[in-house]
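Enquirer: Quick check, what structure comes out for this input:
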Amino acid sequence: MGREDMKLLITGGAGFIGSNLVQHLSLFTQYKKIGVIDNFDPFYPAEVKKKRIKKWEKIPSIQLYKADIRDESQMEEIFKAENWDTIIHLAAVPCARSSIEDPALYSDVNVTGTVQILQLAAEHQIKRFIFISSSSIYGSVDEPYPFHEEEIVSMPISPYATSKWAAENYCQLFYQLYGFDITVLRLFTTFGPGQRPDMAMHKFAEQMVAGIPVTIFDPASTRDYTYISDVVEAIRLSLEWTNGYQVYNVGSGISVNIMQMLDVLSNALGTKHEVKVLGEHDCEVKHTVADIRKLEQSIGFRPKVTFQEGILLFANWFLEEKRLK
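Expert: The predicted structure is shown next:
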């Protein structure tokens, strides 16, 4: 099958990252068919996802399947519907803090669901598989330093992180057993217009605009903030360069302190803010920053949107959404 005839199947395609990825890939003629699986889980309001997919749901090359990756019969029908040659697996229950409340759910969706998709990929002789993992698998460290892909993961500190780490191990196992190309992408904090309402930056913006104190856990914490279009482009590039079993960090490579982030966000929103410190949370990692040299050297990825530019774009979108409500 030539590159111009590729048929992609994307799980979690109505999510924040997934919907942006689907829209981006629809611009490339080599992707003859894009199947999108999403169950519109009520983790946050389904209306948010429905609004996202309006941008691409009527494009002829895109087929939306409202289905749950845990439903074996639904997944079997979808895998039989087309001669898919590539899977991009984003579907997961997100959020480390929420995972402490229902670890069984996170294991069921993020591990068992992933294993089922991997098994179907093997049975249907899929050529390429991209798994979207998380920087949370690295655990928590006391001082910020760049995480490298070969770093040994000692102890993920949340059920969410543990589920992603387990799913990565299954990816490696299936590569060893069946030999199809598998790429694991460990995403760091992705932000931008349309992000989930439960994400920290979105909550901070809500608090700032409402004029109430911004609640944080640790004022010393840092994050690697990566703009959504850069994450989407990294996924597209990795799609073009699948080769055996590979693991890549996807981030900006820059560490930003949470207090600095709040200042930049507040300025972009045109607000002032007070900060209320809640104290450290058991499931919150202290620091994240990506070593992205492997991704740069292997597939030529370089982030294009700076943190300040991304915050301004997010703030403009957020204020427009508020205006329209």
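Enquirer: could you point out the longest helix in this protein?
Expert: Identified as the longest helix of the chain according to DSSP state H is helix 159-178.
Enquirer: How far off centre is that one?
Expert: How far helix 159-178 lies from its chain's middle: 16 Å, per CA atoms, centre = their mean, to the nearest Å.
Enquirer: cool, and stretch 208-225?
Expert: Distance, centroid of stretch 208-225 to centroid of chain: 21 Å (CA atoms, centre = their mean).
Enquirer: Let's see it as PDB, backbone CA atoms only.
Expert: Written as PDB, here are the backbone C-alpha positions of stretch 208-225 (Å, rounded to 0.1, in the frame of the first residue of the first chain):
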ATOM      1  CA  MET A 208      -8.900  34.500  37.400                       C
ATOM      2  CA  VAL A 209     -11.800  35.700  35.400                       C
ATOM      3  CA  ALA A 210     -14.200  35.100  38.300                       C
ATOM      4  CA  GLY A 211     -12.000  37.100  40.600                       C
ATOM      5  CA  ILE A 212     -11.400  34.300  43.100                       C
ATOM      6  CA  PRO A 213      -8.100  33.100  44.500                       C
ATOM      7  CA  VAL A 214      -6.200  30.700  42.200                       C
ATOM      8  CA  THR A 215      -5.700  27.400  44.100                       C
ATOM      9  CA  ILE A 216      -2.400  25.500  43.600                       C
ATOM     10  CA  PHE A 217      -0.700  22.600  45.300                       C
ATOM     11  CA  ASP A 218       3.000  23.500  45.300                       C
ATOM     12  CA  PRO A 219       4.400  27.000  44.300                       C
ATOM     13  CA  ALA A 220       7.800  25.400  43.500                       C
ATOM     14  CA  SER A 221       6.400  22.900  40.900                       C
ATOM     15  CA  THR A 222       7.400  23.200  37.300                       C
ATOM     16  CA  ARG A 223       6.000  21.800  34.000                       C
ATOM     17  CA  ASP A 224       7.000  21.400  30.400                       C
ATOM     18  CA  TYR A 225       4.200  23.100  28.600                       C
END
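Enquirer: Buried by neighbour count: which residues of that stretch qualify?
Expert: Within stretch 208-225, the residues that count as buried by 16 or more other CB atoms under 10 Å are Met208, Val209, Val214, Ile216, Phe217, Asp218, Ser221, Thr222, Arg223, Asp224, Tyr225. In short, each C-beta sits where N, CA and C put it, glycine included.
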